[in-house]
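Novice: mind folding the following:
(one chain, ligands or ions: 2)
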Amino acid sequence: MTSVDMNYLTIALPKGKLFKPATDMLAQLGYSAEDLSENSRKLVITNEDAKLRFIITKTSDLPTYVEYGAADIGVIGKDVLVEDKRDVYELIDLGFGFCRMVVAVPRHLQREKLSDYAHMRVATKYPVIAEQFFRDKGVQVEFIKLNGSIELAPMVGLSELIVDLVETGRTLKENNLVEIASVLPTTARLIANRVSFKMKFERIHQLTAGLKQQMEGRVVK
Ligand SMILES: Nc1ncnc2c1ncn2[C@@H]1O[C@H](COP(=O)(O)OP(=O)(O)OP(=O)(O)O)[C@@H](O)[C@H]1O
Ligand SMILES: O=P(O)(O)OC[C@H]1O[C@H](OP(=O)(O)OP(=O)(O)O)[C@H](O)[C@@H]1O
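Specialist: Ligands and ions are numbered 1, 2, ... in the order given. As a prediction, this is how the structure comes out:
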């Protein structure tokens, strides 16, 4: 376990879709730093005056940094938290990054009920969540782990089904896929390292209180 540095509050932010809304929300409360932008290639950004440090991680790795205490807190999608099952505290739902995890299939393969898909292949970036879903439904399928562009798999015969995130529905539509079941709704969450949460309670509490008030429409500086 990495030791907790009491001098700084270290915030982990994921590259990608959650970066901008997360930094915007934090900046409104004064949690920002020079060079903290989507265009920067810096991975550790420090604000000495505010005793703040930001670290920029790959999305799927973020809970690992928080679990080991390399970051005190972090912003990450619920989907990643459920998939990765890291030992961290989930503090608040930040109310952005909303999308849904669904099961989808090419229109021409659509069947009446989920059990009609037994023994077919499911491509997904989320094998843990997908397995749990099909196990709960009592439908035996085979899983193929992919890392992106999941919608491609059924179009080229790699799998019949996919489990993936949907936001606007545009990717499903443009690839002739239809949603057949809903797996999990997801939004961005604030998470904390268990030791940091106790040792830096005041700082973390101040931030979470500010974020909650911001979400209620009352910005506190
Ligand atoms: N349209 C969307 N598609 C996927 N994820 C979304 C979408 N909208 C919001 N999210 C949320 O944003 C998170 C990050 O998504 P993003 O696509 O940036 O990362 P990623 O593709 O998992 O990362 P990487 O590109 O490093 O593999 C997701 O885990 C999810 O919680
Ligand atoms: O419903 P929509 O608004 O079309 O968004 C959903 C798409 O966005 C995500 O992909 P992303 O852009 O993150 O690329 P990836 O598949 O390579 O992860 C997700 O995996 C879907 O493919």
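Novice: give me the domain ranges for this protein.
Specialist: As assigned by automatic domain parsing, the chain contains the domains 9-97+187-215, 99-185.
Novice: Throw these into a markdown table and include mean pLDDT, thanks.
Specialist: Listed next are the domains of the chain as a markdown table, based on pLDDT from 0 to 100:
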| stretch | mean pLDDT |
| --- | --- |
| domain 9-97+187-215 | 97 |
| domain 99-185 | 98 |
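Novice: make JSON lines from these and add distance to ligand 2 to it.
Specialist: No exception for glycine: its C-beta is placed from N, CA and C like everyone else's. Output for the domains of the chain, formatted as JSON lines (distance: least, CB to the nearest ligand atom, whole Å):
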{"stretch": "domain 9-97+187-215", "distance to ligand 2": "7"}
{"stretch": "domain 99-185", "distance to ligand 2": "3"}
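Novice: could I get the ones you listed as TSV with mean neighbour count?
Specialist: Compiled in TSV, the domains of the chain are given as follows (neighbours: other CB atoms under 10 Å):
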stretch	mean neighbour count
domain 9-97+187-215	18
domain 99-185	16
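Novice: can you name every helix or strand that the host helix or strand of L81 contacts?
Specialist: Per DSSP states H and E, L81 falls inside helix 78-84. On a contact count with 3 or more CB pairs under 8 Å, 6 or more residues apart in numbering; DSSP states H and E, helix 78-84 meets helix 62-67, helix 127-137, strand 177-186, strand 188-192.
Novice: can you state the direction angle for the longest helix belonging to the chain and strand 188-192?
Specialist: The residue-count maximum for a helix in the chain (DSSP state H) belongs to helix 201-215. Going by axes from the mean of the first three to the mean of the last three CA atoms, to 10 degrees, helix 201-215 is angled at 170 degrees with respect to strand 188-192.
Novice: contacts for helix 201-215, please.
Specialist: 9, 25, 28-29, 31, 72-73, 91-92, 94-95, 190, 192, 196-197, 219-220 (CB atoms under 8 Å, 6 or more residues apart in numbering).
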